[in-house]
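Asker: no sequence on this one, just coordinates:
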């Protein structure tokens, strides 16, 4: 039996399936829309058929008892190419700077990184962690037991080195030796002590 699809019903189902990270159960959508499960099932099936007939690069599929949007199998080569290209995307200068600090000073806490860079490193650290270049390696023994960060084996693999001892001397990248001394002193500060805000440039 063909079910009449109201515009609001269709848009609501599409919206829920679009934002969900897991397949959305028919029963859940029926409960939220306050309509019978059989109606939702029919609407979803008709939507899936509509997308397939239109020849989109995505499809609405019933997986593990729920509905979700997924790329069409025919598009797999392009999707794989896109994902691989995204993984090769260059890191920002801020991310590279943070990665270098972690690589040379590990294990190091987020607050210690912030004291060196003068800015909150959370965003770039999430990027580096998401790409599996850094990871939590221990906890600080001091107050608060801050998470200490270090680099991963993937980081070594990307650089083509066997271990951290193969990293080039940091002096090669720092023209002014006084800067290294200043950074060393910063790392020795009590992480709970207030840190003066960096002077404006």
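Answerer: Looks like it came in fine. All of these numbers come straight from a predicted model, not from anything done at the bench. Residues are numbered from 1 along each chain as shown.

Asker: helix/strand/coil for residue 62?
Answerer: strand (DSSP: H, G, I helix; E, B strand; the rest coil).

Asker: I'd say it and residue 40 touch.
Answerer: No: look at residue 62 against residue 40 with C-beta atoms under 8 Å: they stay out of range, at 11.4 Å. (Glycine included, C-beta is placed from N, CA and C.)

Asker: which one of these two has more residues nearby?
Answerer: residue 40 (25 against 14; other C-beta atoms under 10 Å).

Asker: Pull the contacting residues for the more buried one.
Answerer: 13, 26, 29, 30, 33 (C-beta atoms under 8 Å, 6 or more residues apart in numbering).

Asker: next one: residue 10
Answerer: Contacts of residue 10 (C-beta under 8 Å, 6+ apart): 43, 47.

Asker: Could I get the pLDDT score of it?
Answerer: Looking at residue 10, its pLDDT reads 92.

Asker: Phi and psi next, for it.
Answerer: phi -60, psi -50 (degrees, to the nearest 10).

Asker: measure the most centrally placed residue in the chain to residue 162 for me?
Answerer: Centroid-nearest residue in the chain, with C-alpha atoms, centre = their mean: residue 130, separated by 4.3 Å. Computed as C-beta to C-beta, to the nearest Å, the residue 130 to residue 162 distance reads 25 Å.

Asker: And the strands in this structure, which stretches?
Answerer: Ranges of strands in the chain, per DSSP state E, are 24-25, 58-63, 66-71, 108-109, 134-139, 147-151.

Asker: do you know which of those strands lies nearest residue 91?
Answerer: strand 134-139 (11.7 Å; C-beta to C-beta).

Asker: Okay, buried residues for that closest one please.
Answerer: 134, 135 (16 or more other C-beta atoms under 10 Å).

Asker: and if you look at stretch 20-35?
Answerer: 20, 23, 24, 25, 26, 29, 30, 33, 35.

Asker: Distance check, the fifth one against residue 11.
Answerer: Going back to what we said before, that points to residue 26. Taking C-beta to C-beta, one finds residue 26 at 17 Å from residue 11.

Asker: contacting residues around residue 41?
Answerer: Here residue 41 is in contact with residue 26 (criterion: C-beta under 8 Å, 6+ apart).
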